[in-house]
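> no sequence for this one, just the structure:
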């Protein structure tokens, strides 16, 4: 028997960074995001013998251990190990050997929430195997707790909830890990136009988000007024984006994205860099009315709003940077599990 799961990656549209503690604990955060047809996949296969096999097929990494209650957290496939360790401690596990294999449709550090989405997918595969009675909020919070507390990885909260719930969501974040997910009923024609106009461009570089996020956290703790005010403005941006999508004011989206791009730069030093600035300028000159850096910044994917038929001119303008325009569709569903 093989137990499978997949969870969608996401595009953050507004409010990025307001889901990171201590900001959201002190002031409350708000983010608008949408899941897309790129996924993190996890498979658990029960096998004969006395081993635990871990495989990250996209990264061509594999490890093998004698079956144990706890696997070492040592920088090698720690997301896979961290979920197993926590599931084993909380729910127990059959006395059997197994192979856990994963694959993610985008590179790590790309800004689409790959790490957190992978954790959600792995939890989903174990939940399918063990028939765990976990709802969407349970799985999302469990994934957050494993990443941030068990593995001590810096980051926010939006990715786990996007991957679990799926669709277009306006999310609110408060102290004591309180999260409210508000699914948005965006008209299909508005969503189709957004999908057509929103260009997803991979800069051909990945980055380590933890360092950037730690700087954001430090700025809040040290009461850096410029950084905190910029984060306030990003929270306001998410409200503006929600209204624009629900009311069909799509002509405003580029401007709203550009507003967020200007604010995001003020949150931490390494969010932008000369390469990102050059790409952004070229896209704007070719017809994009705004854009953003995905995730924490520093590299990875960027998105650009290209109204009318300007997407083709923008694609041509971006070719010189050696990246890749990634095709995608918005998805309605979050974590999906099954067995064969």
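Received, thanks. Note that the coordinates shown come from a computational prediction; the quantities given were computed from them, not determined experimentally.
> what sits against residue 87?
Taking C-beta atoms under 8 Å, 6 or more residues apart in numbering, we find residue 87 in contact with 93, 123, 126, 130. Placement of C-beta: from N, CA and C, glycine included.
> Return the per-residue confidence for the closest residue in space to the last one that isn't next to it in sequence.
Spatially, and ignoring its direct neighbours in sequence, residue 130 is nearest to residue 91 (5.8 Å; C-beta to C-beta, 6 or more residues apart in numbering). In the prediction, the pLDDT value recorded for residue 91 is 96.
> how about residue 32, secondary structure?
Under the three-state scheme (DSSP: H, G, I helix; E, B strand; the rest coil), residue 32 adopts strand.
> Could you give the bridge partners of it?
In this entry, residue 32 is beta-bridged to residue 14, residue 170, by DSSP bridges.
> Now do the helices in the stretch 1-150 of the chain.
Assigned by DSSP state H, counting those that start in this stretch, the helices in the stretch 1-150 of the chain fall at 23-27, 78-91, 114-130, 136-145.
> so what secondary structure elements neighbour the helix or strand containing residue 180?
Taking DSSP states H and E as the criterion, residue 180 maps to strand 179-183. When contacts are defined as 3 or more C-beta pairs under 8 Å, 6 or more residues apart in numbering; DSSP states H and E, strand 179-183 sits against helix 136-145, helix 158-165, strand 168-173.
> out of those, deepest packed?
Mean neighbour count (mean count of other C-beta atoms under 10 Å) peaks for helix 158-165 among the helices and strands packed on strand 179-183, with a mean of 30.
> what inclination does it have with respect to strand 168-173?
Angle of helix 158-165 versus strand 168-173, following axes from the mean of the first three to the mean of the last three C-alpha atoms, to 10 degrees, is 130 degrees.
> Show the secondary-structure elements that helix 158-165 is packed against.
Going by 3+ C-beta pairs under 8 Å, 6+ apart, helix 158-165 lies up against strand 2-14, strand 29-47, helix 114-130, helix 136-145, strand 168-173, strand 179-183.
> Turn the ones you listed into TSV, including distance to residue 304 and mean pLDDT.
Formatted as TSV, these follow (distance: least, C-beta to C-beta, whole Å; pLDDT from 0 to 100):
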stretch	distance to residue 304	mean pLDDT
strand 2-14	11	97
strand 29-47	15	98
helix 114-130	21	97
helix 136-145	29	98
strand 168-173	19	98
strand 179-183	26	98
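> Of all these, which one is nearest residue 59?
Closest to residue 59 of the helices and strands packed on helix 158-165 is helix 114-130 (C-beta to C-beta; 10.8 Å).
> any idea of the angle that closest one forms with helix 78-91?
Put simply, helix 114-130 runs at 40 degrees to helix 78-91, going by the same axes, to 10 degrees.
> With distance to residue 52 as added columns, please give the helices and strands packed on strand 179-183 in a markdown table.
Formatted as a markdown table, the helices and strands packed on strand 179-183 follow (distance: least, C-beta to C-beta, whole Å):
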| stretch | distance to residue 52 |
| --- | --- |
| helix 136-145 | 20 |
| helix 158-165 | 24 |
| strand 168-173 | 35 |
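> How is this structure divided into domains?
2-185, 188-325 (automatic domain parsing).
> Hmm, residue 172 is touching residue 29, no?
Yes. Residue 172 is in contact with residue 29 according to C-beta atoms under 8 Å; the separation is 7.1 Å.
> do you know how far the residue nearest the centre of the chain is from residue 259?
Taking C-alpha atoms, centre = their mean as the criterion, residue 113 is the residue nearest the geometric centre of the chain, at 2.0 Å. According to C-beta to C-beta, to the nearest Å, residue 113 stands 22 Å off from residue 259.
> now swap in residue 5 and tell me
37 Å.
> higher neighbour count, these two?
A count of neighbours by other C-beta atoms under 10 Å puts residue 5 above the other of residue 5 and residue 259, at 26 against 20.
> Low-confidence regions, this structure specifically.
Within the chain, the stretches with pLDDT under 70 are 206-212, 268-270, 295-299.
> ok, longest helix in it?
Ranked by residue count, the top helix of the chain under DSSP state H comes out as helix 225-247.
> Could you pull up the residues touching residue 340?
Residue 340 touches 1-2, 4, counting by C-beta under 8 Å, 6+ apart.
> rerun that using 6 Å as the cut-off
Taking C-beta atoms under 6 Å, 6 or more residues apart in numbering, we find residue 340 in contact with residue 2.
> circling back: comparing the domains of the chain, which comes out most buried?
domain 2-185 (a mean of 20).
> Could you tell me the end-to-end distance of that one?
Using C-alpha to C-alpha, to the nearest Å, the end-to-end distance of domain 2-185 comes out at 35 Å.
> Give me the distance from it to the chain's centre.
Taking C-alpha atoms, centre = their mean, to the nearest Å, one finds the center of domain 2-185 at 10 Å from the center of the full chain.
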